[in-house]
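[1] Provided below for reference: sequence and predicted model.
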4 protein chains.
Amino acid sequence: MDIRIAILGCGYWGPNLIRNFYEQEFTKVVCVCDVAQERLLPVRKRYPDIEVSCDPMAVLRRADIDAVVIATPIFTHFALAKAALENQKHILVEKPLAPSVEEAKQLVDLAAKYKRTLMVDHTFVYTGAVMKIHQLISEGSLGDIYYYDSVRANLGLLQRDVNVVWDLATHDLSIIDYIFSKSPVAVSATAGSHVGKTEEVAYITVFFEDNRIAHLHVNWLSPVKIRKTLIGGSLKMLVYDDVEPSEKIRVYDKGVDMVREEHERSLRVSYRSGDIWTPKLKEHEALSEVANEFLSAILEARPALTDGISGLRVVKLLEAAARSIKMRGQEIKI
Amino acid sequence: MDIRIAILGCGYWGPNLIRNFYEQEFTKVVCVCDVAQERLLPVRKRYPDIEVSCDPMAVLRRADIDAVVIATPIFTHFALAKAALENQKHILVEKPLAPSVEEAKQLVDLAAKYKRTLMVDHTFVYTGAVMKIHQLISEGSLGDIYYYDSVRANLGLLQRDVNVVWDLATHDLSIIDYIFSKSPVAVSATAGSHVGKTEEVAYITVFFEDNRIAHLHVNWLSPVKIRKTLIGGSLKMLVYDDVEPSEKIRVYDKGVDMVREEHERSLRVSYRSGDIWTPKLKEHEALSEVANEFLSAILEARPALTDGISGLRVVKLLEAAARSIKMRGQEIKI
Amino acid sequence: MDIRIAILGCGYWGPNLIRNFYEQEFTKVVCVCDVAQERLLPVRKRYPDIEVSCDPMAVLRRADIDAVVIATPIFTHFALAKAALENQKHILVEKPLAPSVEEAKQLVDLAAKYKRTLMVDHTFVYTGAVMKIHQLISEGSLGDIYYYDSVRANLGLLQRDVNVVWDLATHDLSIIDYIFSKSPVAVSATAGSHVGKTEEVAYITVFFEDNRIAHLHVNWLSPVKIRKTLIGGSLKMLVYDDVEPSEKIRVYDKGVDMVREEHERSLRVSYRSGDIWTPKLKEHEALSEVANEFLSAILEARPALTDGISGLRVVKLLEAAARSIKMRGQEIKI
Amino acid sequence: MDIRIAILGCGYWGPNLIRNFYEQEFTKVVCVCDVAQERLLPVRKRYPDIEVSCDPMAVLRRADIDAVVIATPIFTHFALAKAALENQKHILVEKPLAPSVEEAKQLVDLAAKYKRTLMVDHTFVYTGAVMKIHQLISEGSLGDIYYYDSVRANLGLLQRDVNVVWDLATHDLSIIDYIFSKSPVAVSATAGSHVGKTEEVAYITVFFEDNRIAHLHVNWLSPVKIRKTLIGGSLKMLVYDDVEPSEKIRVYDKGVDMVREEHERSLRVSYRSGDIWTPKLKEHEALSEVANEFLSAILEARPALTDGISGLRVVKLLEAAARSIKMRGQEIKI
């Protein structure tokens, strides 16, 4: 029997969710809901067999809906997700899970209480590039990880209700949460606000329990689009350039070692520089994997790869970054 | 009559200084000095008419020397510069001026006392690219400056006596000191140390008296060489890529504005995207301009463009960054 | 009253034509036709209001169809286009117009005889980039044109019925036909066939009535995708890189002149190197402009920008290139 | 005992030859000669221990000279090389060996007659990149070679006595001569002349005894510097970008195959797309290897890697290209 799905929110990301769930097997997209009627028109035209609605709460109460996808603005996530769980629905929530740790925690608890799947759409975790990075780190190919450095910059889209951190940094924090097995212990962040009322440029350093650090530069005021991540390891180093159409990852057999040669008293710095390797990546639409993981987690009654708890961990870092920005970089313990 | 020059230090940068001063008019490179005899051999072979010496203090006492170039390790700058000034020499000191604000201040005071030229070799200030950026900002082409974001990353060269901040961030701080007329008011910085005993990766945010911020990412553990600076302004935005052999600067007629259209209650975000312009840059060796500026400042008895006071301002920021790193990002007021 | 359209051929390009004509005003896509039933299924699902058919000749005979778009394999163009014209339809034919000069000529004559619009889908002519190049050349910004050099290379898609020249070179020949006012006078071409039975790599030089030349490198066996055109003029030079997502055109204020300075007997070579300029391009889907031009030409009873005669000129060059390839580069007069 | 060297010609390339031979072991640069006195001044300053002369014939007659490097304009190569051989000198001649096949042949014969080493400075053959390509092709990593496609373009330097083919194409023809074991059988070439009196843009197709082809685009009128070579093989494909500072070669595990699957009647095209590999290259100055090879060939009385016969093969292709250009692409058999 099919899993019957409702999708709430039909703005920027909603149509992609509709299309991807529509194409999944053993699934029926029953209803799409948005408070703005005009966003529902193209859905009706494109998918005549899907019901549309302007009343999310009515949708959540329907007994013939098994699972709900929440793709509405962040400030509405908590109320909708809570109502959905209380109506015994499995839910997939757009990133970030909620606008505060307190609310994210409540959602995790409610999902446990009602024994429902709570998954967050950390889309990047499901890309071929990030899956390959996860594999390389897990199998030890990069050695000990020194740092993760990411730049995510472009012109716009400025948003009213969230700053650039909640919008763009969520991507990197969810990637870090997935590829690193170590836990973050503190955050320091700084930011600037120039055009609107929220921060448009921000810098976040995340400290981990071992020596490693992660740094994110997120920017809505860049004249060029940059999506570039460096990962430095003791054995190999990696550049992940998401703007590249196909050759997104390059693995460098490069490094720096401290060596003690015979008869030498002190350590000497030694540099290695070898071949570079661009692995072939799995080519698929990440969102299709997201949909598949959500449906599989429901069917197998297991936590999703990016479950509510990972969503909560990301929100903890986002909230810490927001607090640090207010204090101009002061360390916030996690 | 020629200005008679001595050059102290013949390591990585020294030979470039020798060559550039050798080619200046009205100048005579009298003597080159290094405590390591083996570094003097190639000088002797290449320039048979220049004396060599292993005793810097003896050189500084010579009455037939007018000016001294100090290109020795940072921790020796203060003692050598002090002795040189006390011996009434004009001095050009490698960046950074000194390893502490206290020492940098003393040097500035000594130069004033003895009425001698004290200049710091902030080489980047004399490149065609930075000169063009200075011009564009000064004439208002970029509008109000929002941010300066720089990445300066490569593999090595790790140094024993200084960390990556004192080595690489000095470049950007001297550029900022030159192109911005506003004063920095605070610094927040974080860093990681992985291979050796000093930091190899660091992130520095500089806050200014107006809203603008500068952020520096300096990195000795990157598999790829990056020298990329974004400058966001209210009218135009600029990318300065120093790895590009000739097209180093691109000026983007792009921006974001908050506009209020007739009958609208709230502001609306508006994006501009127009032409891009790559200005032709002056092509010259920056160090030749450095030498020329030093000699001109001496002859004209005027402060050099990058005089001791600008060197002191840079050291203040470096020291503040070092303190902030120790406190994991805590704001240090300037 | 709407122009009523039928679209023949639903392979690689057909769906794009359907979508673009579907979105035009004053137009009704009445019917889509393909001999392969399975290609019609997605059309029926996506556009329930469009009829589908497997019998092109039946469609061409329908009195309620005003205009026909022919997007079938090249070897079928002539028969379908001929039948369409004889049934008094206006036609838009995929490039190239026909597989021989003889057939292309007949179509041009038939269109004249029946007073119907015959247009060829030279899509690139309608891109923002090529429109800008046309403007720059027309207004004299580049000066006298010296050469047009294009590389159009990627891996695949090898075709059975045509070689790489008829597939890829058509694009450049139609661009040249549009941007140059001078006429080609001769062609020399060479090629290699390695994997299949037709040429996969080819090189074509086109000589013009003035001194200028055009050279095309078309390649189905390249590991990387290249779409790069250099245009050298006496005043300025231009690089058109179609792989770039937005900055496709760069205009270089560079050049070489022969100058005679005072008192000099012979000419001296002088090089100019100034700013570079990346004009903002019109952003639109080229195929939408193609559809619009076809419909406008019908309504205004005027020749389309890329009418049958320009299609015939392109086929002449293609046929000449094919003959030259067989004779290993021998010049074929046009 | 040292090999005693004279170097004739001190223009663009001469100083590099002087420096590289000066640094070789068991070698003494005895004399440097140029008819233009002003070119000898910097040599005298830089190398006080080297004699200078304005009379090449006098130098060639000196009994204390073992070997002569000829770096003069092409039109002087034959007379100087002939005189050098007749005076029993070993010679290294700048590329191309001579301005005609007839003269190149005479030099090869004279070298054989006098049992002297005749080597041509095909510098690119000695670069780390070309050595790696040679190795990959020799060991079969690329499979059967389909094509070699090179673009060598930049602005200038226009020359009076030779066209762009004799200047730039020589590089690629010498590379092809080294990396390919198959022999060329024919040439077709076209060109344009716009600014000066000789061709500034040229296109050359070389046909080989097997199916492979090589194509060279050489251009003195390009606004951008391009040094890009594609090599297509049946197993792997390669891009060699000499403008890249370090990552010059990328090997693509990509290809196209014709496969016949079970129960299928006709062949089907199949595309492969796997990892990409950037091999670490040997880092050295190619000219140092040239000097070393010349001296080793003399000492070991063996032919140099790029001996007179390889120089003659390259001149044959150059002469054929020149003839084909005059006939607008007509095939010239080798």
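    Looks like it came in fine.
[2] low-confidence ranges in the stretch 1-150 of chain A?
    Low-confidence segments of the stretch 1-150 of chain A, defined by pLDDT under 70: none present.
[3] Contacts for whichever strand or helix holds A:Leu92, please.
    Using DSSP states H and E, A:Leu92 sits within strand A:90-94. Strand A:90-94 has contacts (Cβ atoms under 8 Å, 6 or more residues apart in numbering or on different chains) with A:9, A:13, A:66-72, A:74, A:77, A:81, A:84-85, A:107, A:111, A:116-121, A:290, A:294, A:298, A:311. Yep, even glycine has a C-beta here, placed from its N, CA and C like the rest.
[4] out of those, which are inside strands?
    Of the contacts of strand A:90-94, the ones assigned to strands by DSSP state E are A:67-70, A:118-121.
[5] And the residue of chain A that's closest to chain C?
    Closest residue of chain A to chain C, Cβ to the nearest Cβ: A:Pro48 (7.4 Å).
[6] Isn't A:Leu297 up against A:Arg116?
    Residue A:297: Ala, not Leu. No - the criterion here is Cβ atoms under 8 Å, and A:Ala297 misses it with A:Arg116 at 10.3 Å.
[7] for A:Ser188, which residues make a bridge with it?
    A:Thr205 (DSSP bridges).
[8] quick one: contacts for the residue nearest the centre of chain A?
    What sits nearest the mean C-alpha location of chain A, by Cα atoms, centre = their mean, is A:His122, with 3.2 Å. A:His122 sits next to A:95, A:170-171, A:174-175, A:177-178, A:306, A:310-311, A:314 when contact means Cβ under 8 Å, 6+ apart.
[9] What angle do strand A:90-94 and whatever helix or strand A:Ala6 lives in make with each other?
    Using DSSP H and E, A:Ala6 falls within strand A:3-8. Orientation check (axes from the mean of the first three to the mean of the last three Cα atoms, to 10 degrees): strand A:3-8 against strand A:90-94 gives 40 degrees.
[10] other SSEs contacting strand A:3-8?
    Secondary-structure packing of strand A:3-8 (3 or more Cβ pairs under 8 Å, 6 or more residues apart in numbering or on different chains; DSSP states H and E): helix A:14-22, strand A:27-33, helix A:56-61, strand A:67-70, helix A:286-300.
[11] and the fourth one, which strands flank it?
    This points to strand A:67-70. strand A:3-8 (parallel), strand A:90-94 (parallel).
[12] so can I have CSV of those strands showing mean neighbour count?
    Shown next, in CSV, are these (neighbours: other Cβ atoms under 10 Å in any protein chain shown):
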stretch, mean neighbour count
strand A:3-8, 24
strand A:90-94, 27
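[13] can you tell which of those strands is closest to A:Lys132?
    Smallest distance to A:Lys132 across the strands paired with strand A:67-70 (Cβ to Cβ): 24.0 Å, for strand A:90-94.
[14] C-alpha coordinates for that closest one, CSV please?
    Extracted in CSV, the C-alpha atoms of strand A:90-94 (Å, rounded to 0.1, in the frame of the first residue of the first chain):
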residue,chain,number,x,y,z
HIS,A,90,5.7,11.2,9.8
ILE,A,91,7.4,14.4,8.9
LEU,A,92,10.2,15.7,6.7
VAL,A,93,11.1,19.3,7.6
GLU,A,94,13.0,21.7,5.4
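[15] ok so, going back, highest average neighbour count across the helices and strands packed on strand A:3-8?
    Mean neighbours per residue, mean count of other Cβ atoms under 10 Å in any protein chain shown, is largest over the helices and strands packed on strand A:3-8 for strand A:67-70, with a mean of 27.
[16] can you list the residues that contact it?
    Taking Cβ under 8 Å, 6+ apart as the rule, strand A:67-70 contacts A:3-9, A:17, A:21, A:59-60, A:76-77, A:80-81, A:84, A:89-94, A:117, A:294-295, A:298.
[17] Just say helix, strand or coil for the nearest residue to A:Tyr148 once chain neighbours are set aside.
    Counting by Cβ to Cβ, 6 or more residues apart in numbering or on different chains, A:Ala214 is the residue found nearest to A:Tyr148 once chain neighbours are left out, at 4.1 Å. Following DSSP: H, G, I helix; E, B strand; the rest coil, we place A:Ala214 in the strand state.
[18] Quick check, A:Ala214 in contact with A:Tyr146.
    No - using Cβ under 8 Å, A:Ala214 is not in contact with A:Tyr146; the gap is 10.5 Å.
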